[in-house]
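Enquirer: One predicted model, sequence on top.
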There are 2 protein chains.
Amino acid sequence: MRAAFDDLFAIVRSILRWAILIVPMAALVGSVCAAFLWSLDAVTKIRFDHPWLLFLLPVGGAVIGLAYHWLGKSVEGGNNLIVEQIHDPDGGVPLRMAPLIFVGTVATHLFGGSAGREGTAVQLGGSLASAVGKLARLDEDALRVILMAGIAAGFGAVFGTPLAGAVFALEVLAIGRMEYAALIPCLAAGIVADWTCQRWGIHHTVYRIGWMAGSEGAGPLDPLLLGKAAVAGVLFGLVALIFAEANHALGGWIKRVIPYGPARPVVGGLAVIALTSLLGTRAYLGLGVWTAIPGDPTIPGFFTGPIDHWSWALKLVFTVITLSTGFKGGEVTPLFFIGAGLGNALAGVMGAPVDLFAGLGFIAVFAGAANTPLACTIMGLELFGATHMVPIAVACFLAYVCSGHNGIYLSQRIAVPKR
Amino acid sequence: MRAAFDDLFAIVRSILRWAILIVPMAALVGSVCAAFLWSLDAVTKIRFDHPWLLFLLPVGGAVIGLAYHWLGKSVEGGNNLIVEQIHDPDGGVPLRMAPLIFVGTVATHLFGGSAGREGTAVQLGGSLASAVGKLARLDEDALRVILMAGIAAGFGAVFGTPLAGAVFALEVLAIGRMEYAALIPCLAAGIVADWTCQRWGIHHTVYRIGWMAGSEGAGPLDPLLLGKAAVAGVLFGLVALIFAEANHALGGWIKRVIPYGPARPVVGGLAVIALTSLLGTRAYLGLGVWTAIPGDPTIPGFFTGPIDHWSWALKLVFTVITLSTGFKGGEVTPLFFIGAGLGNALAGVMGAPVDLFAGLGFIAVFAGAANTPLACTIMGLELFGATHMVPIAVACFLAYVCSGHNGIYLSQRIAVPKR
């Protein structure tokens, strides 16, 4: 019993020692994420005001490609590099990752590439955390912890979901297993980064599920609705599988066909322009959160009523082309679009509440693609409240088991295979 | 890519095959839990109407002790036996565990022992699941899965928290690591058992945090409040540590002093009677959810306003005496009482909202004692809604890291030490 109390004092000391490193690191990551979100907003408005910018997408792609070719070879791995450094620390993550991914993502969005934010935020978090860790001369174990905290900070700040950020950082490292070694540093980092980002005046988009709204705890169980959520969950997992496999397949193929890196985003940019002209819509460019043209599908729009049956598939095509040819940004906001769009379509087919199923797709396709069912369930609760927590978990868990073993992060290890 | 789709079909087939076993098993567990909860309610009312029953507590203890001595040697391990059988399947869990723990717990509550429900529900779930697994001639791996699903079913049904039940079953096996092998069977078992239990007309106590109620997603972050929740979380962990260590210490000591098993609860019963007379209150007998005497501390009462500063400590003493001398029941509802009482007291000292801090203690002392921070966080969301999810996670995670490595389940393995 005495030993247990000695342990307790050691742990409280360790928490306080970590706080000295984590709080400033997370405040820095939260501030950079605020600048990043502000920039995304600004360049998207510029793109809406100057539609001709799309035709410069191949030029923007060339610039991004050349920047990574000349300056960024060591950080091309992106999120995968951070996950690898957590598994086998080997020099940490270069600090140059931060400016390169920041500018690369903002440029991608200025010219209308279809990409997201989370990859960028995680890379900002990981590289800044690594720099702080090197400054503090941390050993390998501690470096691992601060890198995970960096992921939590970036993710928590960029989506305004601190708890999901913390669990994501623990869960993303391996498929089928989560370890708690960095529990408190990750939670603290997610909270501090989110709080800092909001103090800079950043407001996150509110997605509202109005159906059954009002109850405080979890709502009553409805077997029929849960059955529909389960079927939808399997389909969300299938689409996550298609997204990840298509990214890997197209990315591998284009690397073989066009060995010179900076040329690939030029071709990708031309393909996005061609598709946009062919379809006659700009709805699938950029984040998909805002639109210049009322009536175009957007993520918040999928929560308001029936939209269409194919938007999710088109967004998938635009995003796979954008990301696999070397543009920068994350996969997650496009996955939110794909999921919410698919959920919206399935709600019509299945006779289910549109806003609930848009919400289920929003988080479950991401859960399947990233192999992070618990982080996505928690994200669903942070965004939509607890009323629908059981259908949310059903959709996320089923999407996870049905999405195969090659998620969007190939450096994720397989600890416990799905079966 | 083809292989990925073959995997998907194999997984969907596996889900459907598991459903055939899990749904009836969980419906059975949910029904037995309904009968158990109904019985607890009934015997507590009888005890309130006939206060002299307390004086038969030593007799009741003797009967329980003799029943386990003659019939129950193989199931005395209780929850620990189930956890051991999941780690190393070796013949499964004997079915006789179910009637023994059912009757033993109901008898404990009829005569006024201070005990809970979750241990009983988990043992009902584990033994019934093991019986179903043997009937279906499952192999070792599958037996492991159905045992975990049995835990999820019992826990989900008894507290009306299906998702917490599922995560608890995954999380309780080891400290510091959670594996996802049985994710879907556990989720399905928790949902079906909870639904079945409610269909039998069982209503769970509603605990309401009124402070800041009304927002749908997570509420805004308040650094001062989170700081108070963090300090409280450390104290909740410390009390969890004291509770678990006291149980182990007193349990071990009394086994040395009174080697004959059936005599131990007789002594424990006499001690409870003596303490009750000495203190002149019956508030610390039974579950602590209801009271015959208005004004006595109860768990729901801790959510309504300032109560006192010592109830939590007295309940701890009563419960440790009851359980370590061989009465039956769980630790968790007393831990809810201890936590909510301590949270209530801390709210007064710290100048924090009473209902919120009662809620934080309710789940966080349990998180620390059982080493299940995520399950308890999720339970908090199922019971109290998402508004306070960040302080809930802060309290549960800190209680977890501060509660040492000897929780209430000694067969829990240490996968990743706390540090």
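Expert: Good, I have the coordinates. Please read these numbers as outputs of a predicted model, since none were measured by experiment.

Enquirer: only C-alpha atoms for contact and neighbour calcs from this point on.
Expert: Will do.

Enquirer: correct me, but residue A:386 touches residue A:218?
Expert: Yes - here residue A:386 reaches residue A:218: they are 5.2 Å apart, a contact under CA atoms under 8 Å.

Enquirer: Between these two, which has more neighbouring residues?
Expert: residue A:386 (31 against 23; other CA atoms under 10 Å in any protein chain shown).

Enquirer: Closest approach to chain B from the stretch 301-419 of chain A, which residue is it?
Expert: Closest to chain B within the stretch 301-419 of chain A is residue A:385: 3.9 Å, counting by CA to the nearest CA.

Enquirer: and the residue lying closest to residue A:43 once chain neighbours are set aside, how many neighbours does it have?
Expert: On the basis of CA to CA, 6 or more residues apart in numbering or on different chains, the spatially nearest residue to residue A:43 that is not a chain neighbour turns out to be residue A:110, at 4.9 Å. Residue A:110 is surrounded by 26 other residues when neighbours are defined as other CA under 10 Å.

Enquirer: what sits against residue A:110?
Expert: With contact set as CA atoms under 8 Å, 6 or more residues apart in numbering or on different chains, residue A:110 has these partners: A:40, A:43, A:44, A:46, A:47, A:53.

Enquirer: and it, what helix or strand is that in?
Expert: Element membership of residue A:110 [criterion: DSSP states H and E] is helix A:97-111.

Enquirer: Which residue, neighbours along the chain excluded, lies closest to residue A:305?
Expert: Leaving aside its sequence neighbours, residue A:305 is closest to residue A:354 (6.0 Å, by CA to CA, 6+ apart).

Enquirer: Does the one you found touch residue A:343 like I think?
Expert: Yes - taking CA under 8 Å as the definition, residue A:354 is a contact partner of residue A:343 at 7.4 Å.

Enquirer: element containing the residue of the stretch 201-350 of chain A found nearest chain B?
Expert: Nearest residue of the stretch 201-350 of chain A to chain B: residue A:217, at 3.9 Å (CA to the nearest CA). Secondary-structure element containing residue A:217, defined by DSSP H and E: none, the residue being outside all helices and strands.

Enquirer: how about the closest residue to it other than its chain neighbours, phi and psi?
Expert: With CA to CA, 6+ apart as the criterion, residue A:217 has its nearest non-adjacent residue at 3.9 Å, and that residue is residue B:385. The main-chain torsion angles of residue B:385 are listed as degrees, to the nearest 10 and equal phi 90, psi 180.

Enquirer: tally of neighbours for residue B:385?
Expert: Counted with other CA under 10 Å, the burial measure for residue B:385 works out to 29 neighbours.

Enquirer: which residues in the stretch 151-300 of chain A form strands?
Expert: With DSSP state E, counting those that start in this stretch, the ranges of strands along the stretch 151-300 of chain A come out as A:174-175, A:177-179.

Enquirer: and of these, who's closest to residue A:123?
Expert: Checking the strands of the stretch 151-300 of chain A against residue A:123 by CA to CA gives strand A:174-175 as the closest, at 17.9 Å.

Enquirer: Give me the sheet partners of the closest one and which way each runs.
Expert: With DSSP bridges as the test, strand A:174-175 is paired with strand A:413-414 (parallel).

Enquirer: Report the contact partners of the residue nearest to residue A:191 when sequence neighbours are not counted.
Expert: What sits nearest to residue A:191 in space, not counting adjacent residues and going by CA to CA, 6+ apart, is residue A:162, at 4.9 Å. When contacts are counted by CA under 8 Å, 6+ apart, residue A:162 is found next to A:152, A:153, A:155, A:156, A:187, A:190, A:191, A:193, A:194, B:390.

Enquirer: So which of these are in helices?
Expert: Helix and strand membership here follows DSSP state H; of those, those in helices are A:152, A:153, A:155, A:156, A:187, A:190, A:191, A:193, A:194, B:390.

Enquirer: sorry, back to before: got the contacts of residue A:162 as a markdown table, with neighbour count, pLDDT and distance to residue B:283 columns?
Expert: Converted to a markdown table, the contacts of residue A:162 look like this (neighbours: other CA atoms under 10 Å in any protein chain shown; pLDDT from 0 to 100; distance: CA to CA, whole Å):
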| residue | neighbour count | pLDDT | distance to residue B:283 |
| --- | --- | --- | --- |
| A:152 | 36 | 98 | 44 |
| A:153 | 42 | 98 | 45 |
| A:155 | 35 | 97 | 47 |
| A:156 | 37 | 97 | 44 |
| A:187 | 26 | 97 | 37 |
| A:190 | 36 | 97 | 41 |
| A:191 | 31 | 97 | 39 |
| A:193 | 37 | 98 | 45 |
| A:194 | 33 | 97 | 43 |
| B:390 | 24 | 96 | 32 |
